[in-house]
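Student: my questions are about this predicted structure, shown below with the sequence.
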Amino acid sequence: MPNNSTRDQVSAMEGDGFYNRHSAMQAVGIAALISLWKAVCRTVPIDEAPLTIVDYGSSQGRNSMAPMRVAIDILRDRRGASVPIEIVHTDLPSNDFSALFSALASDDGSYMMGASNVFPSAIGRSYFEPLLPPQRVHLGWSTWALQWMSGSAIDAQDHVLAGMSALPTVISAVAKQQTSDWRRFLQLRSQEMKPGAKLVAGFTARATSGTGWEWLLGELWSAAGEMRELGLLSEAEQNHLTIPIGLRSLEDIKAPFIQTGYFANLRLEHVDLVKVSDPCWEEFERSGDNRAFAKLHADMTRAWSGPVITSLISPSRERNELVSELFARFERRLSESPRPHEPYMAAVVLSKRP
């Protein structure tokens, strides 16, 4: 992301493999995309070798293993068992790439297990910048990443997530930033994709009825409010806890393509909304263990938001302790009123003009 991005100054996700260990919700969303991914892998043109697959916004990699294995298997069914395949994982410079390479080397689900002629690598750079030479990519994959904005649009005084604010000034700023970011992402990826190449993306979105994040992130904002009331955070500090995430509607996603059907030589082959089921709810219904349920969700939320929230607190404060206090209060609130967390995800397939 650009240098003014809040995220670019901190760890992309909670490090030391924490995100890998606490990303069950993301895994459920990814599983919902696999049928689309299989269809794309079966139909993308692959006349040249080696074949290049790019994982945009890979984080620590565990949730990328299954889709990359699917792609390897299908492409080799089409081109032969020994066709060279290059897999490039990209994320911010501060991403925990050591966890990614550890997962590649030792996880039971690693796509490298038993594989030959597969060449993984990583690029530490934002996908709002050029990443690869022109016309290099056959297949692109990106999940749970494109909701992040390239910069912090504005402080929201009514919510912890910029895209869930009800304030007109924040709504306008987020919409402007997300429009620019979406077009920028499409332009850059088109330059890197070969003619006929395809990209599958899944990212947090909104339906007309809401986002699915109302309960979970409402409780996080309320936990911050408790800390302000107790004097642990000032009003200004609470207001500054604005995570730079927006939530596009399907209309927002379609907008660049409406006039001609193409944008930057890309066509929107598929777009719909998927409601992601709560991976913790079934176990909670069996056990009735409020505390275990709350801890799972608190850890999953901290895995993707903790570093950003930490960065939004002045380094002159004991910010690690404050963030731990915030998530302890958040966990307690979740345990008091457990309910399913079922966010919406946009499922998108893009193809480049042949």
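Tutor: Looks like it came in fine. Numbers count the residues shown, from 1 in each chain.
Student: excluding its backbone neighbours, what's nearest R291?
Tutor: Excluding the flanking residues, the one nearest R291 by CB to CB, 6 or more residues apart in numbering is S335, at 5.2 Å. The way it works is simple: take the backbone N, C-alpha and C, and place the C-beta from them, glycine included.
Student: what is the host helix or strand of that neighbour packed up against?
Tutor: Using DSSP states H and E, S335 falls within helix 319-336. In terms of contacts (3 or more CB pairs under 8 Å, 6 or more residues apart in numbering; DSSP states H and E), helix 319-336 is packed against helix 214-229, helix 290-311.
Student: out of these, nearest to P50?
Tutor: Nearest to P50, of all the helices and strands packed on helix 319-336, is helix 290-311, at 32.6 Å by CB to CB.
Student: what helices or strands is the closest one leaning on?
Tutor: Where contact means 3+ CB pairs under 8 Å, 6+ apart, helix 290-311 is packed against helix 18-21, helix 24-43, helix 214-229, helix 281-287, helix 319-336.
Student: residues contacting the second one, please?
Tutor: Just to be clear, that refers to helix 24-43. With contact meaning CB atoms under 8 Å, 6 or more residues apart in numbering, helix 24-43 is reached by 63, 66-67, 70-71, 74-75, 78, 139, 141, 143-144, 198, 200, 202, 270, 274, 276-280, 296, 300, 341, 343, 345, 347, 349.
Student: that older thread, which of the helices and strands packed on helix 290-311 has the highest mean neighbour count?
Tutor: helix 18-21 (a mean of 21; mean count of other CB atoms under 10 Å).
Student: and the residue nearest to R291, how far is that from A298?
Tutor: Going from S335 to A298 by CB to CB, to the nearest Å gives 9 Å.
Student: then F119?
Tutor: Distance, F119 to A298, using CB to CB: 38 Å.
Student: neighbour count winner among those two?
Tutor: Using other CB atoms under 10 Å, the more surrounded residue of F119 and A298 is A298, with 25 against 13.
Student: quick one: contacts for the more buried one?
Tutor: A298 neighbours (CB under 8 Å, 6+ apart): F327, F330, E331, L334.
Student: give me the pLDDT for it.
Tutor: Reported pLDDT at A298 in the predicted model: 95.
Student: just give the number of residues close to P354.
Tutor: Applying other CB under 10 Å, we find 9 residues neighbouring P354.
Student: assign a three-state SS to the residue nearest to it when sequence neighbours are not counted, would you?
Tutor: Leaving out its chain neighbours, the residue that sits closest to P354 by CB to CB, 6+ apart is G196, at 4.6 Å. For G196, the assignment made with DSSP: H, G, I helix; E, B strand; the rest coil gives strand.
Student: who's in contact with G196?
Tutor: By CB under 8 Å, 6+ apart, G196 lies in contact with V44, P45, S351, K352, P354.
Student: let's see 7 Å
Tutor: By CB atoms under 7 Å, 6 or more residues apart in numbering, the contact set of G196 is V44, P45, K352, P354.
Student: tell me the spacing between the second one and L139.
Tutor: The reference is to P45. 10 Å.
Student: before we move on, what about the first one?
Tutor: Relative to L139, V44 is positioned 6 Å away (criterion: CB to CB).
Student: settle it for me: which of the two has more neighbours?
Tutor: Counted by other CB under 10 Å, V44 and L139 do not tie: L139 has more neighbours, with 27 against 23.
Student: tell me what D55 is bridged to.
Tutor: H89, W141 (DSSP bridges).
Student: that one: neighbour count?
Tutor: Applying the criterion other CB under 10 Å, we find 26 residues in the vicinity of D55.
Student: per-residue pLDDT, D47?
Tutor: Confidence at D47, expressed as pLDDT, is 80.
Student: contacting residues around the lengthiest helix in the chain?
Tutor: Secondary structure of the chain per DSSP state H: the longest helix is helix 168-192. The contact list for helix 168-192 (CB under 7 Å, 6+ apart) reads 127-128, 130-132, 134, 136-137, 140, 146, 149-151, 153-154, 156, 162-163, 165, 199, 246, 248, 252, 256, 263-266, 352.
Student: ranges for the helices of the stretch 51-200 of the chain?
Tutor: Along the stretch 51-200 of the chain, counting by DSSP state H, counting those that start in this stretch, helices occupy 65-79, 97-106, 168-192.
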